[in-house]
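K.L.:
whatever this is, show me its structure:
(chains A and B)
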Amino acid sequence: MGIHSVANACAHLQNATRAHLGLTSIPNTKYNLRLALALHRAGLIGAVRRGGPRPPGPEEEPNESEAVTTANVATRRLWLGLKYWDNQPVVRNLEAVSKPSRLVSASVSDLSRVARGFSVGPLKGLTLGETMFVSTDRGVFEIREALARKAGGLVLCRVS
Amino acid sequence: MSVARPAARRLLSGRLAAGPGGVAACAAPATATCHQLGFAHQFHSSPQLSARRKPRFANVRAADMGLMDEKQIDQFTKEQFPKYTPEEIDHLRTKYSPAQIAALEAGEAAIDPRDLTVQGRLRVDPYTMPYIDDFAETQPIIDKRAKNKEAPDPGARFMNLDEFTEDLIKWADKFQDGEVTGTLKTTADFVSDEFKKKPEGQWPGEVREAAHKAFQSYLEGEVSKQASKKDPDDTSGPTDADILQYILERSGMTDNNRTTNTSLAHALPNKVPGVAGMYKNAIDPEDEGLDDIGIYQDLKRRTGLSVKEILGLHSKQLVQRRVANQTRLGKVQKASIMYVVGNGNGWVGIGEAKSTEPSIAALKARLLAIRNMRPIRRYEKRTIYGSVTAKVSGTIVKMNARPPGFGLRVSHRIFEMCRAAGIQDLAANIPRSRNPMNTVKAAYWALCNQPDPEQMAIGRGKKMVDVRKVYYGGAIF
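P.N.:
Numbers count the residues shown, from 1 in each chain, chains lettered A, B, ... in the order given. Below you'll find the predicted structure:
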């Protein structure tokens, strides 16, 4: 499973929030879905919905969406609702840490140091309002969730 | 090259002119001068001074000329500095006051004419300044214009209608021809004695009417008398020049046409009786005498601070530089000054001002800074929230919050800003351009635009707790 779709999604989300869009879509991959759900849990995005090339209607039930088949799998998208507060995007900076050219992983002790604001290797310490998403063997988590589960792994992105 | 090198040219020309036979004869004096003067001087284009200045004639001493002889001195003194003769003194008495005569005599007695001969240097060369002056006449180039007229009449005021008429009649009487009739009568001359001293307003109605009627007939009679006397060829009376002079030079005030050297009227007296106590003092008694010049009055109104509070603010000049406006008249130099002002408790402002006078620029900048003061966020009243980066032009200022006791590890201008704002723990660095003015601006922007954790938590829908306050029970200081 490559990480390129996650890195692309990060760049796209940052562009979309800086353009003050209300809704945007990323390719529907399993990795993207896990990251989107983690972002949603962290309150950084407002909604995650499966859909096709066109966004699902607001009254449409999530389960009623078109079934994924081999014929239409390539056109499936994840539709993300973006959040704004006080005329400012909730996600201002979203930077992919691991890229296909260089994967960055961190152990639990590393993550704990980074979470407390200390730099470890290529990872700069987190500052006020900053968070990080880690892909572990138990799923994609925010850094504090990963620490609560004592799970280290691949660092996907950092958001502030 | 026309600027010759004298030595080289002389050597060259001497050699050429003399030919093979004369070389030795010419070379000897040339080398001799070279040895005396050295070569360095020879290569200058300015003409050469002779090695030793020697006057062409020997000095002749005064004693040899018989000038130091006592008899000669006395004779010279008598001829050159004669004493005043009694006739001259009598004549002087007609010109000078006794005090001036006394001063003259004292001066004469104080200086011995012999000293003038022996020690004085009387110049006779054509460039001698004519110092000796009897002040008999004014020289407009040297002397100030004589103020030989009296000061303006302090009691003078503009004439009213009656006074003006009287003045006009007085002027016109100067041109009367033939028998002098004197001034014209007034209405007061046509009433009985008991009313003469009272003003016209207090006369009874019939008396006043009768007086006016009599005055009218008298005026008509006068006019007809003048008209009958008038000769068509008569050119006496005021000419156009007289009338022009009347218009231009006659005083319109009750100063009896007094002329003065100044056109300025007297200043107002210190206390004008009618308005005593009606002037409002601009200075507020609330200021307790702290702002007698009134420079903080506007600021007080704008900010709502008292003068005492304004003076208690912490202010510091951060940047001063000279700026110039190039006009067609040349460069207009000004001082551009930047000030930071803060109350040391979370309020800070910066102000920038220019003036040709640096002190005025500083004052303006400080007042502007006080006007621009605004609250900044402080974490635990000692540091900032998180880390902030601000960019102004090529200058980037990065600021980071630091734990208690860390101190201000920042550059000196940011240090002063932090002191004014009441920040005690901070790290800042300026990785790129360190332009002073942009540094201050960027630092101010950074202080004013700190992240707000509360707002972030609301945006993410999270509950936020400051663990420092939880762990230490709020006792964080």
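K.L.:
please give me every residue in contact with whichever residue of chain B sits closest to chain A.
P.N.:
Closest residue of chain B to chain A, Cβ to the nearest Cβ: residue B:386 (2.7 Å). The way it works is simple: take the backbone N, C-alpha and C, and place the C-beta from them, glycine included. When contacts are counted by Cβ atoms under 8 Å, 6 or more residues apart in numbering or on different chains, residue B:386 touches A:127, A:128, A:129, B:400, B:401, B:450, B:451, B:453.
K.L.:
contact partners of whichever helix or strand the fourth one is part of?
P.N.:
Residue B:400 is part of strand B:395-401 when elements are defined by DSSP states H and E. Contacts with strand B:395-401, where a contact means Cβ under 8 Å, 6+ apart, come from A:128, B:379, B:383-391, B:410, B:414, B:425-435, B:438-439, B:441-443, B:446-447.
K.L.:
would you write a PyMOL line that selects the buried entries of those?
P.N.:
Command for PyMOL that selects the buried part of these, burial taken from 16 or more other Cβ atoms under 10 Å in any protein chain shown:
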select buried, (chain A and resi 128) or (chain B and resi 379+383+384+385+386+387+388+390+410+414+425+426+427+428+430+435+438+439+441+442+443+446+447)
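K.L.:
strands of the chain, start to end?
P.N.:
In the absence of a named chain, this looks at chain A. Counting by DSSP state E, chain A has strands at residues A:23-27, A:45-51, A:77-82, A:84-85, A:88-89, A:94-96, A:105-106, A:131-136, A:139-142, A:153-159.
K.L.:
wait, chain B
P.N.:
Under DSSP E, chain B gives strands at B:314-327, B:330-342, B:347-355, B:374-375, B:387-392, B:395-401, B:408-409, B:426-429.
K.L.:
nearest residue to residue A:44 other than its sequence neighbours?
P.N.:
Once flanking residues are discounted, residue A:44 sits nearest to residue A:91: 5.1 Å by Cβ to Cβ, 6 or more residues apart in numbering or on different chains.
K.L.:
just the C-alphas of stretch B:401-414, formatted as PDB.
P.N.:
In PDB, the C-alpha atoms belonging to stretch B:401-414 read as follows (Å, rounded to 0.1, in the frame of the first residue of the first chain):
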ATOM      1  CA  ALA B 401       7.200  30.900  24.500                       C
ATOM      2  CA  ARG B 402       9.600  29.800  27.200                       C
ATOM      3  CA  PRO B 403       9.300  28.400  30.800                       C
ATOM      4  CA  PRO B 404       9.400  30.600  33.900                       C
ATOM      5  CA  GLY B 405      12.800  32.000  34.700                       C
ATOM      6  CA  PHE B 406      14.100  31.700  31.200                       C
ATOM      7  CA  GLY B 407      14.400  35.400  30.800                       C
ATOM      8  CA  LEU B 408      14.400  37.500  27.600                       C
ATOM      9  CA  ARG B 409      16.900  35.900  25.200                       C
ATOM     10  CA  VAL B 410      16.100  38.300  22.400                       C
ATOM     11  CA  SER B 411      17.700  41.100  20.400                       C
ATOM     12  CA  HIS B 412      17.900  44.500  22.100                       C
ATOM     13  CA  ARG B 413      14.900  46.100  20.300                       C
ATOM     14  CA  ILE B 414      12.600  43.200  21.000                       C
END
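K.L.:
which helix runs longest in chain A?
P.N.:
Across chain A, the longest stretch assigned as helix under DSSP state H is helix A:4-18.
K.L.:
now it and strand A:131-136, what's the angle there?
P.N.:
160 degrees (axes from the mean of the first three to the mean of the last three Cα atoms, to 10 degrees).
K.L.:
in helix A:4-18, what counts as buried?
P.N.:
A:5, A:6, A:7, A:8, A:9, A:10, A:12, A:13, A:14, A:16, A:17.
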